[in-house]
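**Student:** Below is the sequence, then the predicted model.
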Amino acid sequence: MSRTGHSWIEPALEALDAALRGATPPLEFLPADDDAPRWVHRPDATDHGRDGEAPAVVVRTSGSTGTAKQTLLSAAALRASADATAAALGGHGHWLLTLQPSYVAGLAVLSRSLVAGTVPVPLLTGTTDPAAFAGAAEQLTAEPRFVSLVPTQLGRLLESGDPRTLSALRDFDAVLLGGGASPAPLLRRADQAGLHVVRTYGMSETCGGCVYDGHPLPGVTVDTDDAGRVRLAGPMVALGYLDDPELTTEHFDVEPLMGHRRYLTDDLGELTPAETRGATPELSISGRADDVINTGGVKVSAERVRAVLLDYPGVRDAFVGAAPDPDWGQRVCAAVVLSAVTRTDDTLGDLREAVRETLGPAAVPKDLHVLAALPLLTSGKPDRRELLQMFSG
């Protein structure tokens, strides 16, 4: 079914509520390029329960790194995620919806709204248009007020410098920022603008963010395996993947102490011991296991190279990846988006030198592309496949 304008939001909430109550087969929101999402029922997922829980929603991964997986989320997991979010943010609230509900971050806003008894204000197109964003934010009437954004969205809104938009951003009790690494320069700009930004970490398999500002939400436990891959356990962990028992077994098991489902991510991370007794360790993500570039026998973290590039004044956005190389096996490649004042003849050389000084010569990008903007998926994340194809071309 489909709706036009904002008339879709209440029927969507009703459909999701019915699926969460088990009154209908599991629900899936479909990708859309406009402000009228569609949804379908997935009776083929009905009998794929686990641990006494049945699937309520099917969410496909973003597909930024390969074939999309169909993640099965139970009603209990979505409610647990909503309750844990409210506990961390100081209560249930009124949400501005700026991400399609086919993505878990958008779906989470709908499920949190159901638990809160509020109707979110949707803004699914023109999310980085200053006037459109401010106008939608001003329609929020209840307290507290929240919005979930990806870094690209927040960056473009801040770059506008529009006073009305900045005022709208300041009025949010929390601006949840997830869907990818949050560049330090962006966080500094947000802090200088007086925004309350909360860095979130999570994925479809955990009903969205379950670690806020490096610390797990209530009921969530975090550790790493022997290879340094992050494991997340808690009541919001998914049931597994539809029609892929092998991948389900590879990524999901049961945490031994509390008995919660546990998900093994593809992210590499470290836990910094808490300085205060009784506090939880802080999680920091160093990159993805498949983002390690082996160039001439030296392993280079793509995420660390990206962080160095983003810290250079005037670099608005950056992506780092690998391309096949006949001599080195792989070569480090990067794409950067520069501000107008940064586009000088010396800029690329300065960027390479900054990487060399910080990470060593092996990490210096051999190919450095200057783009007007990074290609993006509809989720606001960089289109990895398109960028990697550009590097390999």
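**Tutor:** Noted; the coordinates are in hand.

**Student:** you'd agree L268 is in a helix?
**Tutor:** No. Under DSSP: H, G, I helix; E, B strand; the rest coil, L268 falls outside any helix and is assigned strand.

**Student:** what's near enough to touch it?
**Tutor:** Listed by CB atoms under 8 Å, 6 or more residues apart in numbering, the contact set of L268 reads 227-230, 285-289, 292. Backbone N, C-alpha and C define where each C-beta goes, glycine included.

**Student:** Could you do P122 as well?
**Tutor:** Contact partners of P122, counting by CB under 8 Å, 6+ apart, are 6, 8-9, 35, 97, 136.

**Student:** Redo these as JSON lines? Include secondary structure.
**Tutor:** Converted to JSON lines, those look like this (three-state DSSP):
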{"residue": "H6", "secondary structure": "coil"}
{"residue": "W8", "secondary structure": "coil"}
{"residue": "I9", "secondary structure": "helix"}
{"residue": "D35", "secondary structure": "coil"}
{"residue": "L97", "secondary structure": "strand"}
{"residue": "A136", "secondary structure": "helix"}
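
**Student:** From those, pick the one nearest P25.
**Tutor:** Proximity of the contacts of P122 to P25 (CB to CB) peaks at W8, which lies at 19.7 Å.

**Student:** Give the closest residue to that closest one in space, chain neighbours not counted.
**Tutor:** Distance criterion CB to CB, 6 or more residues apart in numbering; nearest residue to W8, sequence neighbours excluded, is A36 at 5.5 Å.

**Student:** so that neighbour sits right up against P11, yeah?
**Tutor:** No. The pair A36 / P11 is not scored as a contact, 10.9 Å apart, by CB atoms under 8 Å.

**Student:** Distance check, F29 against K381.
**Tutor:** Remark: distance between F29 and K381 (CB to CB, to the nearest Å) = 17 Å.

**Student:** what do you get for A105?
**Tutor:** From A105 to K381 the distance is 10 Å (CB to CB).

**Student:** More neighbours: the two, which one.
**Tutor:** A105 (27 against 18; other CB atoms under 10 Å).

**Student:** State whether the more buried one is indeed within a strand.
**Tutor:** No. Per three-state DSSP, A105 lies outside any strand segment and is helix.

**Student:** Apart from its neighbours in sequence, what residue is nearest it?
**Tutor:** Closest residue to A105 apart from its sequence neighbours, by CB to CB, 6+ apart: L99 at 4.7 Å.

**Student:** circling back to that earlier point, give me the common contacts of A105 and K381.
**Tutor:** The contact lists of A105 and K381 share 150, 179, where a contact means CB under 8 Å, 6+ apart.

**Student:** just to revisit the earlier point, and which of the contacts of P122 is nearest to L264?
**Tutor:** L97 (30.1 Å).

**Student:** For the helix of greatest length in the chain, which residues meet the burial criterion?
**Tutor:** What stands out as the longest helix in the chain, according to DSSP state H, is helix 75-89. Using 16 or more other CB atoms under 10 Å as the test for burial, helix 75-89 gives 75-86, 88-89.

**Student:** Can you lay out the residues you listed as JSON lines showing pLDDT?
**Tutor:** Converted to JSON lines, these look like this (pLDDT from 0 to 100):
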{"residue": "A75", "pLDDT": "98"}
{"residue": "A76", "pLDDT": "97"}
{"residue": "A77", "pLDDT": "98"}
{"residue": "L78", "pLDDT": "98"}
{"residue": "R79", "pLDDT": "98"}
{"residue": "A80", "pLDDT": "98"}
{"residue": "S81", "pLDDT": "98"}
{"residue": "A82", "pLDDT": "98"}
{"residue": "D83", "pLDDT": "97"}
{"residue": "A84", "pLDDT": "97"}
{"residue": "T85", "pLDDT": "97"}
{"residue": "A86", "pLDDT": "97"}
{"residue": "A88", "pLDDT": "96"}
{"residue": "L89", "pLDDT": "96"}
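
**Student:** Give the closest residue to V292 in space, chain neighbours not counted.
**Tutor:** Of all residues not flanking V292 in the chain, K299 sits nearest, at 5.2 Å (CB to CB, 6+ apart).

**Student:** Parallel or antiparallel, list what pairs with the host helix or strand of that neighbour.
**Tutor:** Assigned by DSSP states H and E, K299 belongs to strand 298-301. Using DSSP bridges, the strands paired with strand 298-301 in its sheet are strand 292-295 (antiparallel).

**Student:** Looks like A19 contacts P25 (just checking).
**Tutor:** Yes. Counting by CB under 8 Å, A19 touches P25, with 7.4 Å between them.

**Student:** hmm, back to that, counting contacts, what elements does the next helix or strand after the strand holding K299 pack onto?
**Tutor:** Per DSSP H and E, the first helix or strand lying C-terminal to strand 298-301 is helix 302-310. With contacts taken as 3 or more CB pairs under 8 Å, 6 or more residues apart in numbering; DSSP states H and E, helix 302-310 sits against helix 184-192, strand 282-288, strand 315-325, strand 329-338, helix 347-359.
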